[in-house]
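Participant: I'll drop the sequence and a predicted model, then ask my questions.
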Amino acid sequence: MLPMPSLRGTIEVERKFVPLPGVEDHLRALGAELQYELVFQDSYYDRPDFRLTLADLWLRRRGDRWELKQPPAWGVRGLRGASTQYLELSGEDDIARRVSEELGAPSPLGLDALGLQPFATFVTHRRQFQLPPRGGAARGVVVDLDTADFGFAVGEVEVLAETQEEAQSALREVEEICQELGVLSDSPVPGKMSTFLRLNRPEHYARLVEASVL
Ligand code: V4E
């Protein structure tokens with residue numbers, strides 16, 4: 001077992017999929033229940049030189065909350081490809097500190113003082129399903145079915161993990177559910193953000209593909 005850093009946080013191990021017709025019936029047959037239906041707006045922010053997203057940092061305002069997704073310092077080792085793992089920060093002060101650090105600010109500044117601009121804004125209609133925990137796992141599996149207002153739909157299977165062992169089993173669980181749903185693709189399925197950028201911000205998209213962030 002690897003030594004663990006003391007500050008762990010919770011990481012999201014996820015896999016996106018193309019939501020085929022009948023996916024909701026399929027989910028219910030696996031024991032999933034609809035948790036909620038929600039409409040929210042995301043605005044993603046970066047510097048004009050794409051400093052944050054080139055570092056795989058995704059700063060967004062979802063409704064009235066700031067959120068930051070970043071690659072975790074721990075998790076499934078060597079994970080690449082169709083499944084992803086990200087650590088999500090949600091306290092505005094913590095986020096401002098992390099973004100200040102990434103941008104090389106001499107001292108932590110507020111998010112409004114860091115020269116950030118929105119580069120993508122879209123509205124998502126989400127239906128979230130919950131699958132009961134399996135095989136002794138502490139948490140259930142969440143499946144989101146999202147439709148964005150630019151005419152794009154995507155599904156996502158997500159399991160939270162707090163230790164490296166949990167992250168490994170979360171990855172196995174996420175792949176197992178995708179397999180059972182018949183949506184386990186070998187190659188990564190594009191999400192809302194990468195699709196939005198490809199359609200609306202081709203220069204930004206090309207830089208991220210070139211840097212292997214997307
Ligand atoms: C992490 C990330 C981006 C930010 C958007 O994350 P995502 O999970 O796609 O959005 P959403 O709305 O489902 O967030 P949730 O509600 O689950 O918190 S945009 C690009 N990335 C990186 C990334 C990647 N490199 N590859 C894949 C397949 N997905 C995401």
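Facilitator: Yep, it's here.
Participant: Pull the contacting residues for the spatially most central residue of the chain.
Facilitator: Among the residues of the chain, the one closest to the centroid is Y86, at 6.3 Å (CA atoms, centre = their mean). By CB atoms under 8 Å, 6 or more residues apart in numbering, the contact set of Y86 is 11-12, 14, 58, 69-72. In short, each C-beta sits where N, CA and C put it, glycine included.
Participant: Drop anything exposed from those residues.
Facilitator: Buried residues within the contacts of Y86, counting neighbours by 16 or more other CB atoms under 10 Å: 11-12, 14, 58, 69-70, 72.
Participant: Pick out whichever of the residues you listed sits closest to the ligand.
Facilitator: W58 (3.7 Å; CB to the nearest ligand atom).
Participant: Would you quantify the distance from that closest one to A82?
Facilitator: With distances taken as CB to CB, to the nearest Å, W58 is found 18 Å from A82.
Participant: Ok, D42 next?
Facilitator: For D42 relative to A82 (CB to CB), the value is 22 Å.
Participant: average model confidence for the longest helix that the chain contains?
Facilitator: Counting by DSSP state H, the longest helix found in the chain is helix 164-181. On average, the pLDDT along helix 164-181 is 92.
Participant: who touches it?
Facilitator: Here helix 164-181 makes contact (CB under 8 Å, 6+ apart) with 1-2, 4, 11, 13-15, 17, 23, 26-27, 30, 74-77, 79, 83, 85, 131, 134-135, 137-138, 141, 143, 157-161, 184.
Participant: how does it look with 7 Å?
Facilitator: 2, 4, 11, 13-15, 17, 23, 26, 30, 74-76, 83, 85, 131, 134, 137, 141, 157, 159, 161, 184 (CB atoms under 7 Å, 6 or more residues apart in numbering).
Participant: In strands only, show me the residues you listed.
Facilitator: 11, 13-15, 17, 83, 85, 131, 141, 157, 159, 161 (DSSP state E).
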